[in-house]
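Visitor: Got a predicted model here, sequence first, then my questions.
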Amino acid sequence: MHIGDLDVHVTVSDRRRTVRLTVERDATLTVAAPPETGEADLVKAIAAKRQWVYAKLRERAETGTLRSPREFVTGEGFPYLGRSYRLLLVGEAERPVRLHRGRLELRRDCADGSTDDATRHLVRWYRQVGEPWLRKRIGPWALRMEVDVAGPHVLPLGYRWGSCTAQGKLNIHWATMQLSPDLVDYVLVHELAHVRHPRHDETFWHAVERSMPDFAARRTRLRLAGPALWLPDATSP
């Protein structure tokens with residue numbers, strides 16, 4: 001849809017009960033709406049949040065940086081838990097990717113093909129190492145916040161860091177494993193708060209603050225860190 005000077009990508013979801021407007025990390029504007037929502041209702045909902053949209057777009061322009069592409073060559077840096085590890089292409093290895101002696105090893109036959117092949121192997125590695133690490137990390141936070149969760153499951157989630165349902169089904173974006181542990185903790189606490197508080201209202205932020213008093217500083221750092229992470233345009237599970 002084109003509404004004034006705004007280009008809006010609209011998706012229809014049976015799970016939505018209200019219109020949800022999101023300014024993504026790449027500054028695109030998306031709307032998720034229930035199936036019965038008419039065009040006039042969408043225009044009204046977006047117009048009501050126009051000033052908020054412009055503020056978010058300015059924020060993206062001020063804090064965002066161009067996401068630098070990565071090459072699958074020896075010496076290229078890839079982040080993991082807040083540190084940059086240099087890639088090392090190796091001739092023989094049991095696994096396509098592993099972290100070994102301070103280097104992120106990628107088997108050469110996985111890099112000699114298409115970029116998509118190398119991307120798939122590396123994304124799979126982030127997912128494989130992410131799930132056991134996050135399971136250990138989330139336990140104390142879930143206990144502190146008195147919630148039960150299933151997972152977490154590490155998945156491609158577009159431009160969302162994570163999601164959590166009222167039933168405690170927790171999903172975390174694989175790219176989260178590139179963040180420093182204290183920022184991963186913020187993502188976890190944010191999603192755990194959604195078990196009891198589905199909306200980003202005052203009670204939600206109070207729940208986050210009770211468990212993490214410095215959440216605002218971490219949230220700011222997360223916003224600044226996001227654009228610098230490796231996030232290919234298209235990734236396969």
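Guide: Good, I have the coordinates.
Visitor: what's the distance between Gly91 and Cys164?
Guide: 42 Å (Cβ to Cβ, to the nearest Å). C-beta here means a position set from N, CA and C on the backbone, and glycine is covered the same way.
Visitor: In terms of packing, which of these two has more residues around it?
Guide: Cys164 (23 against 7; other Cβ atoms under 10 Å).
Visitor: Please name the residues that touch the nearest residue to the more buried one once chain neighbours are set aside.
Guide: Excluding the flanking residues, the one nearest Cys164 by Cβ to Cβ, 6 or more residues apart in numbering is Glu191, at 4.0 Å. Glu191 makes contacts with Trp161, Gly162, Ser163, Cys164, Leu170, Ile172, as judged by Cβ atoms under 8 Å, 6 or more residues apart in numbering.
Visitor: So Glu191, which state does it fall into?
Guide: With DSSP: H, G, I helix; E, B strand; the rest coil as the basis, Glu191 sits in helix.
Visitor: Quick check: it vs Val147, distance?
Guide: Applying Cβ to Cβ to Glu191 and Val147 gives a distance of 10 Å.
Visitor: Ok, Arg103 next?
Guide: With Cβ to Cβ as the criterion, Arg103 and Val147 are 38 Å apart.
Visitor: what does Ala225 give?
Guide: Using Cβ to Cβ, Ala225 is found at 26 Å from Val147.
Visitor: which one of these two has more residues nearby?
Guide: Neighbours were counted for Ala225 and for Val147 using other Cβ under 10 Å; Val147 has more, 19 against 16.
Visitor: Quick check: pLDDT value at the more buried one.
Guide: With respect to pLDDT, Val147 scores 92.
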